[in-house]
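In: Here's my sequence, what's the structure:
(4 chains)
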Protein chains: 2
Amino acid sequence: MGKCEQCIIKQFNALKSLTKDELVRISGCKTSKTIKKGEVIFEEGESINGVYCVKDGICKLSKLSENGKDQVVKMVVKGQLIGQRSLVSNESSNLQATALNDMEVCFIPKSEIISDLQRNPKFTLDMLKDMAHDLKEADDVIVDMAQKSVKQRLAETLIYVEKNFGTNPDGTISLMLSREDYANIVGTATESAIRVLSQFKKEGLISTVGKYIKIENSNGLRRIE
Amino acid sequence: MGKCEQCIIKQFNALKSLTKDELVRISGCKTSKTIKKGEVIFEEGESINGVYCVKDGICKLSKLSENGKDQVVKMVVKGQLIGQRSLVSNESSNLQATALNDMEVCFIPKSEIISDLQRNPKFTLDMLKDMAHDLKEADDVIVDMAQKSVKQRLAETLIYVEKNFGTNPDGTISLMLSREDYANIVGTATESAIRVLSQFKKEGLISTVGKYIKIENSNGLRRIE
DNA sequence: TTTAAAATATGACATTTGTCATGCTTTAGT
DNA sequence: ACTAAAGCATGACAAATGTCATATTTTAAA
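Out: Residues are numbered from 1 along each chain as shown, chains lettered A, B, ... in the order given. I've put the predicted structure just below:
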């Protein structure tokens, strides 16, 4: 199993501020897991007792709403941690994490993180910075949800997904999401998401190659009202 | 001017974890301010160079959307800090803060907070906990915005405001917000907010005493679909 | 106190979005 | 390869929400 000290992933998250000793200690008690696409990493309301460090793959964090829909709150890529918020607040998870890809993650037990948080101020400050970043992003999502149309939100989501999760050699978005996933990110009915994507296609803003979506005119997408 | 060491407000926020010495030092460089209702404490994009500790009053944190509306993201009461997120990220503010009440705040310069964050892990951890709490609330708002109707959101807002900001002796909500404020919290057009409030009134869910709103049937408000 | 401006209220209508029904297409499992 | 299930697509219609116009009431400033 890989050693945390040597893992290049750690440079992308707060773990980079841990000392060599701390990393060695964590390396000794962490667990590596492979998670298949569609698999649930943890559920809403579950006690997670640790954090996951995403070595590879992408997952969504979502929350079930009263009307039965599963609203996506955030997507997490390689390099990021999941579960920190619940750990810090000492609460069970407020979100569900589901793999959108085949993933590789390391699970680090709560006790290790807690003891580092109490002893290594640089680490704590880094965690604080990461959380401040998440909070800013969440604020932006609130404003978008409140003030933008479904079309605008879906257009922005396409641009976001392309930018953050990359493209295949033929220019298609490499992350394959179902129409239902898009609907749950945007916060609309699946049929509405399908309709808007069809419209984008008719207007030449996007095209599809099999199940993959390609952005043909990102400025056009940005201009949507 | 009051001394931070003796200020009872500090127990409600992360400042409680500062040592006596740290508090004395902060006390020496803080500034007390009175802010009148409607006054802007800081604007979006402004460098704030410190945090405000709210000694009294309530303010809204909002963000201007592209369509010109000022979406309220969070409301802040006595005891809470504002400006921490930007300070931690070392960015200019992503939100505007506006007093909804006459307020009393203390301004603490950035350098002081930063040095405490670097030296006092308990303080940093407390800041982290507060921010984790804010993030959870923001996640909940995202889900509500995406999945609930304007009626539901407005009903919940009324209950929230009553619960968190209290009532007058006659049972009316003590915080007076304009219909436009309600619209900007809920994320809807002012006319829509007015219409929904009128409907609530007709249905006996709320009543009004002058400009004040009184919740008459909170279970009814909760049951709205 | 008077008066202009702002806030509230409501109607009429347009637009957006959701819901339900139905059919087609793809996927996955035997 | 066959078949059931899931996903995608689209029409028809309903419901929610936004926009614009206008009137009334309240507030604040001269």
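In: does chain B sit close to the longest helix seen in chain A?
Out: Longest helix of chain A, by residue count under DSSP state H: helix A:121-147. Yes. Judged by C-beta under 8 Å from any C-beta of the partner chain, helix A:121-147 comes into contact with chain B at A:121-122, A:124-125, A:127-129, A:131-136, A:138-147. Where C-beta positions appear, they are placed from N, C-alpha and C, glycine not excepted.
In: Report the angle between the following helix or strand past that helix and helix B:121-147.
Out: As assigned by DSSP states H and E, the chain's next helix or strand after helix A:121-147 is helix A:150-165. With axes from the mean of the first three to the mean of the last three C-alpha atoms, to 10 degrees as the basis, helix A:150-165 and helix B:121-147 are set at 140 degrees to each other.
In: Can you tell me what sits against the helix or strand just after helix A:150-165?
Out: The first helix or strand that comes after helix A:150-165 along the chain, using DSSP H and E, is helix A:179-186. Contact partners of helix A:179-186, identified using C-beta atoms under 8 Å, 6 or more residues apart in numbering or on different chains, comprise A:60, A:62, A:69-72, A:75, A:100, A:150, A:153-154, A:157, A:177, A:189-190, A:192-194, A:197, B:146.
In: Please list only the buried members of these.
Out: The neighbour count (16 or more other C-beta atoms under 10 Å in any protein chain shown) marks A:60, A:62, A:69-72, A:75, A:100, A:150, A:153-154, A:157, A:177, A:192-193, A:197, B:146 as buried among these.
In: Considering only those, which also neighbour DNA strand D?
Out: With C-beta under 7 Å from any atom of the strand as the criterion, these include A:L197 near DNA strand D.
In: what's around the closest residue to A:E46 other than its chain neighbours, how many residues?
Out: The shortest distance from A:E46 to any non-neighbouring residue, by C-beta to C-beta, 6 or more residues apart in numbering or on different chains, is to A:S93 (5.4 Å). Look at A:S93: counted by other C-beta atoms under 10 Å in any protein chain shown, it has 21 neighbours.
In: any idea whether A:S93 is helix, strand or coil?
Out: Three-state assignment for A:S93 (DSSP: H, G, I helix; E, B strand; the rest coil): coil.
In: cool, and the one 5 residues further on?
Out: With three-state DSSP as the basis, A:T98 sits in strand.
In: and if you look at A:S192?
Out: Per three-state DSSP, the local secondary structure of A:S192 is helix.
In: Let me see the contact set for it.
Out: Per C-beta under 8 Å, 6+ apart, neighbours of A:S192: A:V150, A:A183.
In: how close does the closest residue to A:K3 other than its chain neighbours get to A:Q11?
Out: Closest residue to A:K3 apart from its sequence neighbours, by C-beta to C-beta, 6+ apart: A:S27 at 4.9 Å. To A:Q11, A:S27 is 15 Å away according to C-beta to C-beta, to the nearest Å.
In: And those two? Which one has more around it.
Out: Shown here are A:S27 and A:Q11; by other C-beta under 10 Å, A:S27 has more neighbours (17 against 9).
In: Could you pull up the mean pLDDT of the helix or strand harbouring the more buried one?
Out: Per DSSP H and E: A:S27 is located in helix A:20-29. Averaging pLDDT along helix A:20-29 yields 95.
In: Same question for stretch A:161-170.
Out: The model assigns stretch A:161-170 a mean pLDDT of 96.
In: coming back round to it: quick one: residues contacting the residue nearest to A:E46.
Out: The neighbours of A:S93, taking C-beta under 8 Å, 6+ apart as the test, are A:F42, A:E43, A:E44, A:G45, A:E46, A:S47, A:I48, A:G83, A:S86.
In: isn't the second one right up against A:Q96?
Out: Going back to what we said before, that points to A:E43. Yes. Using C-beta atoms under 8 Å, A:E43 makes contact with A:Q96 at a distance of 5.1 Å.
In: Looking at the two, which is more packed in?
Out: Taking other C-beta under 10 Å, A:E43 and A:Q96 do not tie; A:Q96 has more neighbours (21 against 14).
In: Run the contact check for stretch A:207-215 versus DNA strand C.
Out: Yes. Using C-beta under 7 Å from any atom of the strand, stretch A:207-215 reaches DNA strand C at A:G210, A:K211.
In: just the CA coordinates of that stretch, formatted as PDB?
Out: The C-alpha trace of stretch A:207-215 is given here as PDB (Å, rounded to 0.1, in the frame of the first residue of the first chain):
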ATOM      1  CA  SER A 207     -23.100  18.300 -29.800                       C
ATOM      2  CA  THR A 208     -23.100  14.700 -28.700                       C
ATOM      3  CA  VAL A 209     -20.800  11.800 -29.600                       C
ATOM      4  CA  GLY A 210     -22.500   8.700 -28.400                       C
ATOM      5  CA  LYS A 211     -23.200   9.400 -24.700                       C
ATOM      6  CA  TYR A 212     -20.600  12.100 -24.500                       C
ATOM      7  CA  ILE A 213     -21.300  15.900 -24.700                       C
ATOM      8  CA  LYS A 214     -19.100  18.300 -26.500                       C
ATOM      9  CA  ILE A 215     -19.200  22.000 -26.000                       C
END
